[in-house]
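Trainee: heads up, no residue letters with this:
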């Protein structure tokens, strides 16, 4: 078996193979992004209240979805579950599903934590797949959504 030469000729100029260095750079960026995402997630779950103004409303909607058919709570008489997808409804359904195993307030924090942790990683995977070697731009995703909760804007 022949091994691939370390350099190739392209447009009359010798090009060296940098796949190993690029893979190391990608891994470093990913590890930094994971560490910063974990730190950012801690800010959302370490405190008693999640810093969303409508968070109690989401917990209520998840509780209604979870116990909709329970006759002792009588939710079916007072509420109608909309079958048409609306913004943020996936959060309510996932929280309702997780609340079958965990208490509703812990289920809500877990879903928020997964979303906060997963967004920068999703941005990294997307950027890295469409623009090879530009995954470091995903670090801006951390700043973009975290700043509105923790920095006072004037």
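Mentor: Perfect, I can see it now. Note that the structure is predicted; figures quoted are calculated from it, not measured.
Trainee: rest of the way, CA atoms for contacts and neighbours
Mentor: Will do.
Trainee: so where's this structure uncertain?
Mentor: Low-confidence segments of the chain (pLDDT under 70): 1-23, 133, 136, 142-154.
Trainee: Show me the helices in it, by range?
Mentor: Ranges of helices in the chain, per DSSP state H, are 19-45, 55-66, 75-78, 89-98, 104-130, 139-150.
Trainee: Put together a markdown table for these, with mean neighbour count on each row.
Mentor: Converted to a markdown table, those look like this (neighbours: other Cα atoms under 10 Å):
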| stretch | mean neighbour count |
| --- | --- |
| helix 19-45 | 15 |
| helix 55-66 | 19 |
| helix 75-78 | 12 |
| helix 89-98 | 19 |
| helix 104-130 | 18 |
| helix 139-150 | 14 |
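Trainee: dump the residue contacts of the residue nearest to residue 98 when sequence neighbours are not counted.
Mentor: Of all residues not flanking residue 98 in the chain, residue 107 sits nearest, at 5.5 Å (Cα to Cα, 6 or more residues apart in numbering). Each residue near residue 107 by Cα atoms under 8 Å, 6 or more residues apart in numbering is listed here: 95-96, 98-99.
Trainee: State the distance from residue 107 to residue 85.
Mentor: Here the criterion is Cα to Cα, to the nearest Å. By it, residue 107 lies 21 Å from residue 85.
Trainee: one step back: of the contacts of residue 107, which is the nearest to residue 76?
Mentor: Nearest to residue 76, judged by Cα to Cα, of those is residue 96 at 15.7 Å.
Trainee: contacting residues for that closest one?
Mentor: Listed by Cα under 8 Å, 6+ apart, the contact set of residue 96 reads 62-63, 65-66, 104, 107.
Trainee: now residue 75
Mentor: 64, 67-69.
Trainee: Kindly report the same for residue 131.
Mentor: Going by Cα under 8 Å, 6+ apart, residue 131 touches no other residue.
Trainee: Please shift the residue numbers so they start at 56 in all later answers.
Mentor: New numbering, starting at 56: the last item is residue 186.
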